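Peer 1: A structural model of the following input is requested.
(chains A and B, ligands or ions: 1)
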Amino acid sequence: MRKTLGFIIIFVVLSGFGWHKFYVSIFQLHHSPDKKRLEITTRLFVDDLNKALQDHYHQTTHLGEETETAADIALMNRYLAENFTIEVNGQKKSFAFVSKELDNNVLVGYYKINDIPKIKSLKILNTVLTQTYAEQQNMIQADFNGKKQSLLLTAEKTSGVLK
Amino acid sequence: MKKHILFIWLFIAITPSIIAQETSKAKEKGHTDQNKFRQMYDLLATPNSYRTASGAPGPDYYQQQADYKIDIELDDKNTKLYGTETITYTNNAKESLDYLWLQLDQNIAARTSKTPLVDNSKIDPSISAAGFSRKYLEAKFDGGFKLDYVKDAKGNPMSYTVNETMMRINLDKPLQHGEKIVLNIKWNYNINNYMIDGGRSGYEHFKDGNNLYILAQFYPRMAVYNDVEGWQNMQFWGAGEFALTFGNYEVNITVPADHIMEATGVLQNRSEVFTPEQLKRYNQAENSFDKPVIIVTQAEAMAAEKGFSAKKKTWRYKAENVRDFAISTSRKFIMDAMAVQFETKKAMAISLYPKEGNPLWETYSTRAVAHTLKSYSSHTFEYPYPKAVSVNAQDQGMEYPMICWNFGRPQEDGTYTDRVKYGMLGVIIHEVGHNYFPMIVNSDERQWTWMDEGLNTFLQSLAQATFDPKFPIDRGPAKNIVPYMSGDQSKLEPIMTNSESISQFGNNAYGKPATALNILRETIMGHDLFDYAFKTYANRWKFKHPTPEDFFRTMEDASAVDLDWFFRGWFYTTDYTDIGIKEVKQFFVSNDPPKDFKAPEVTRRNRLKASGPLVYMIANDSPDFKPEMNKPLDIKSVTALDEFIQTKFTAEEKAKLDSPKYFYQVTFNKPGGLVMPIIVELSFEDGTSETQTFPAQIWRFNDAEVSRMFATKKPIAKITVDPKLETADIDTTNNVWPKAEVKSKFD
Ligand SMILES: [Zn+2]
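Peer 2: Below is the predicted model:
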């Protein structure tokens, strides 16, 4: 919710921790040289995701519930495309939605970028949920060229490069 | 002569190693004991007569006492609070005290507070006009205690020094052991709108003009003085919550006459503040054990919220043996309650909520409170307080003795999703649960957040599962902590890290310790041993001040399960579990020795295994392996073995012999730093399976790799390590043999 961003930041500074939500999402990027593709797994708390879509597009979605619609999933994918961009070897690539499943209350999304024979660098820009929760942390866990690397992105640090 | 022989023997024994040393080039350095099973002498404080090595309070254990008489008046129009208090402080320490420290927590919101100054701040790429105005243009909220006076028992002003959120009372003469001192303090402060300015207390403002107050840290409170910290006077920065002294409270609270209130303690003048009708309903609730009774109805609350009475009413409370006091008051409150029966006494479960919380709150809150008290009592001790109150306060989740603030409201049309419902139930169970930790088992939150949050989150997960089998449980199940524990090490701290220095608070201080306890109960210790030890800890330290050492020691002392390795790994490091299957070899029993086989020399030690006729174990990858060997063991076809059995055993004995047919040697490796039990599931070709567990101590001589052999009656089709995801193994791709071709989620 852009409107209350300023408020949220102040809130966080003084807020109590009696109850602490997770506020951590995970984005796993795995390169498969055999299949020449980048495989992306997103793990987002489904209620956070519904709230973000409400804040962003002013639409009530029911992801993870029985009343979930195809339009809800499309809106989620639009939100991810707008807030999570990947540059492979200096070129912006869009990812295709494969499937999703619910693991307890985490919505696990599977996406892929085809025709990636080799990765020299990955630039990630990620603002997923950071405008809904100022203390949101997005953990990027990448695995390519046999090397595991990670990036912690937040409202303050929204992008990073992995080589 | 005898001496001489000894020398010769020594010489013979030493010579080869001397030669070996001369030939190797680089000299290795020595090291201290790095074994993961070494006892925690290097980490734990030395036990003493205050705190024993068994984890129980020692013969010299003491704690201070702080009794309060407080008068509060709420100015609803100006959202301001006025108070006077008399604190009677008793020094039970053997040593005398030169000065006293009090906590002035409200000063975190003072304009001079240093709390905002220790945070990173950057320009927002975009910000709302209102947010910009508030951040850059408007005067900051004028919070913090305004002290009118601090006086002694006779009314003479006392000398004091305020250092941010702490106040030192400078005593004329030291307070001796056993002496009491009386402090009289008068103060006021502006109450914060916590939806704007943040905080664990304050008020929520509604469009209808009403405020819903949740008042806490509203009075100067005695800091803790004890044998571990001296005065716990670390500043209140915001994350490290409270360290508080037990005492008895008498609190009189004056509010507008049309308010409904709940607070810590027993209400002394219910007949003056309730209508006769409400009084009757309350008496009904006291005997309603199966469902809540509405005491203040929604209709009454909706009438009251239009009133804005100029008259006042005073609510009088008494609370015994509590570490703090908190109040919630508003015109908007609906109230319901029911009674909860324990073994020897009963308590009231109570809820307060505005109409905006319905229908969610009238349906679930009080029932969740009652369930929580029963569930937690079964794992600790009978709930000793007369009541537990759940207050609906937007965006809050915060605990105080007998009362707590909980978020969760339906949409404006009254509908709500499962997420909202379970979110609200989760926070209620959590905050009511805090009555046990840290309100009664009174750990130092300013130093160790995990001691109350971790233990409480663990018990919360147990209470949630019994409240509703479908309850989604975030924290507790081992697999849920994997994303955190497998994360970037530069962003992780051990659980044993001060409350103010934890970067992922929810995962570090809530999730990981709750998971650790869950693993202890489910996988390492078992329910009986764990529950007895955990109960022992709770009972030893109820109404006292425990430290982490007291917890670690009690869990071990009461169970005879060595847990040093577990606490060292899980609480003092950022190591993670990763155990895999490195190699599996199948062996076949053969009459014929392998090609260059040399019979081992028979010594005193191996004479049973190595003397007499031999049988040979041939691995499926050895050059001596022949395809025709690939069949189950038939003892008849192994001459030496068959003859041995025929001559050695009677027919009756033979009938009792085991009859393994297949032989496997499995090598497990451990890329992860944590030692954990190896849980192995053997799946047989006929579809059956069996699970074997090897205790963590299997890693004691080799922290990288261990092997086990399995002699089975049926051929093994698949071996899986940790099949039920009990150990928080961060990489399960190496847990299966044969390496499964996992069907890609991306095809
Ligand atoms: Zn808590």
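
Peer 1: do you know how far residue B:433 is from residue A:135?
Peer 2: 24 Å (CB to CB, to the nearest Å). All C-beta atoms are positioned from the backbone trio N, CA, C, and that covers glycine.

Peer 1: Who has more neighbours out of these two?
Peer 2: Legend: neighbour count by other CB atoms under 10 Å in any protein chain shown for residue B:433 and residue A:135, higher for residue B:433 (27 against 20).

Peer 1: Next up, the contacts around that one.
Peer 2: By CB atoms under 8 Å, 6 or more residues apart in numbering or on different chains, the contact list for residue B:433 reads B:372, B:376, B:456, B:459-460, B:463.

Peer 1: Residue B:577: neighbouring residues, count only.
Peer 2: 26.

Peer 1: Could you do the one 3 residues further on as well?
Peer 2: Residue crowding around residue B:580 was assessed by other CB under 10 Å; the count is 20.

Peer 1: Find the nearest non-adjacent residue to it, please.
Peer 2: Of all residues not flanking residue B:580 in the chain, residue B:734 sits nearest, at 3.0 Å (CB to CB, 6 or more residues apart in numbering or on different chains).

Peer 1: One more: residue A:54?
Peer 2: Closest to residue A:54 by CB to CB, 6+ apart is residue A:60, at 6.0 Å.

Peer 1: Can you report how many residues lie near the closest residue to chain A within chain B?
Peer 2: Chain B approaches chain A most closely through residue B:131 (1.8 Å), counting by CB to the nearest CB. Residue B:131 is flanked by 20 other residues according to other CB under 10 Å.

Peer 1: Now do it against residue B:201, distance only.
Peer 2: If you go by CB to CB, the gap between residue B:131 and residue B:201 works out to 23 Å.

Peer 1: now swap in residue B:58 and tell me
Peer 2: For residue B:58, the distance to residue B:201 - CB to CB - is 36 Å.

Peer 1: Kindly report the same for residue A:95.
Peer 2: Residue A:95 is 45 Å from residue B:201, by CB to CB.

Peer 1: Apart from its chain neighbours, what residue comes closest to the residue nearest the centre of chain B?
Peer 2: Centroid check for chain B by CA atoms, centre = their mean gives residue B:454 as the closest residue, at 1.3 Å. Counting by CB to CB, 6+ apart, residue B:454 lies nearest to residue B:513, which is 2.6 Å off, once chain neighbours are set aside.

Peer 1: If I follow the layout properly, that neighbour ends up in contact with residue B:449?
Peer 2: No. Contact criterion CB atoms under 8 Å: residue B:513 and residue B:449 do not qualify, at 9.2 Å.

Peer 1: Show me what the helix ranked longest in chain A packs onto, helices and strands only.
Peer 2: Secondary structure of chain A per DSSP state H: the longest helix is helix A:70-83. Helices and strands touching helix A:70-83, by 3 or more CB pairs under 8 Å, 6 or more residues apart in numbering or on different chains; DSSP states H and E, are helix A:46-57, strand A:96-103, strand A:106-113.

Peer 1: got the buried residues for the second one?
Peer 2: So the one you mean is strand A:96-103. A:97-98, A:100 (16 or more other CB atoms under 10 Å in any protein chain shown).

Peer 1: Between those, which sits nearest chain B?
Peer 2: For the buried residues of strand A:96-103, the nearest to chain B is residue A:98 (5.5 Å; CB to the nearest CB).

Peer 1: How about the contacts made by that closest one?
Peer 2: Residue A:98 neighbours (CB under 8 Å, 6+ apart): A:110-112, B:745-746.

Peer 1: So which of those is surrounded by the most neighbours?
Peer 2: residue A:111 (24 neighbours).

Peer 1: Go ahead and confirm the residue nearest to residue A:54 touches residue A:67.
Peer 2: No. Using CB under 8 Å, residue A:60 is not in contact with residue A:67, being 10.0 Å away.

Peer 1: The residue nearest to the centre of chain B: helix or strand, and which one exactly?
Peer 2: Per DSSP states H and E: residue B:454 is located in helix B:450-467.

Peer 1: Could you list the single helix or strand in chain A with the lowest mean pLDDT?
Peer 2: helix A:5-14 (a mean of 33; mean pLDDT, DSSP states H and E).

Peer 1: Next SSE downstream of that helix?
Peer 2: Using DSSP H and E, the next helix or strand after helix A:5-14 towards the C-terminus is strand A:24-32.

Peer 1: how about that following strand: buried residues?
Peer 2: A:24-31.

Peer 1: Near residue 39, how many other residues are there?
Peer 2: All of this is about chain A. Residue A:39 has 22 nearby residues by other CB under 10 Å.

Peer 1: Hmm, no, I was thinking of chain B.
Peer 2: 14.
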